[in-house]
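**Q** Any chance you can model this:
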Amino acid sequence: MPDPLNLTVSLRGTRDVRENCQIIRLTGLLDAFSEPTFQKVMEKCIQDKPVNIILDLSKIDFVDSSGLGALVQTVKKAQDAGGTVQIVSNARVTQTVKLVRLENFLSLQSSVEDALKNLEQQ
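**A** Now for the predicted structure:
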């Protein structure tokens, strides 16, 4: 059973810890308001291990530049800890990410299942 994450009113989420990864599902807005809390929660998740993270943003309504910056920082922190981050996207998130040409760096995936398969192949 996934654990609820303590985020903000506009950003909610759950965390499902598996043997080789964490699946973090978020809903709402990843913006300037929620970004500081998101960063703290993600840092703690990376410290708690496992360091491979699947970030399911398929139910996110909006990502702004602060949110994109937070995603980049999360990827860098996971990589520094020896892990990976894969982002399950939706059309809105993908459009925003492609606009700033970060789709490869953020390892966009179309589903959690695809991200899990990708993780097995690494």
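
**Q** C-terminal to the host helix or strand of Arg15, what's the next element?
**A** When secondary structure is defined by DSSP states H and E, Arg15 falls within strand 11-17. Going down the chain from strand 11-17, the next helix or strand is strand 22-30, by DSSP H and E.

**Q** what's the spacing between the helix or strand just after that next one and its chain's center?
**A** Next along the chain after strand 22-30, taking DSSP H and E as the criterion, comes helix 35-48. In terms of CA atoms, centre = their mean, to the nearest Å, the centre of helix 35-48 is set 10 Å apart from its chain centre.

**Q** name the helices or strands packed onto the helix or strand just after helix 35-48?
**A** Per DSSP H and E, the first helix or strand lying C-terminal to helix 35-48 is strand 53-63. Secondary-structure packing of strand 53-63 (3 or more CB pairs under 8 Å, 6 or more residues apart in numbering; DSSP states H and E): strand 22-30, helix 35-48, helix 65-80, strand 85-88, helix 91-99, helix 112-121. For every residue, glycine as well, the C-beta is placed using N, CA and C.

**Q** and among the ones you listed, the most buried is which?
**A** The highest average neighbour count among the helices and strands packed on strand 53-63, using mean count of other CB atoms under 10 Å, belongs to strand 85-88 at a mean of 25.

**Q** how about it as CSV, C-alpha atoms only?
**A** What follows is strand 85-88, C-alpha atoms only, in CSV (Å, rounded to 0.1, in the frame of the first residue of the first chain):
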residue,chain,number,x,y,z
VAL,A,85,15.0,9.1,-12.1
GLN,A,86,12.4,8.3,-14.8
ILE,A,87,9.4,10.6,-15.3
VAL,A,88,6.1,9.2,-16.5
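
**Q** what helices or strands is that strand leaning on?
**A** On the basis of 3+ CB pairs under 8 Å, 6+ apart, strand 85-88 makes packing contacts with strand 53-63, helix 65-80, strand 108-109, helix 112-121.

**Q** Could you pull up the mean pLDDT of that strand?
**A** Average pLDDT, strand 85-88: 97.

**Q** and that strand, which strands flank it?
**A** Using DSSP bridges, the strands paired with strand 85-88 are strand 53-63 (parallel), strand 108-109 (parallel).

**Q** Who is the residue nearest the centre of the chain paired with across the strands?
**A** Nearest to the geometric centre of the chain sits Leu55, at 3.0 Å (CA atoms, centre = their mean). Beta-bridge partners of Leu55, counted by DSSP bridges, are Ile24, Ile87.
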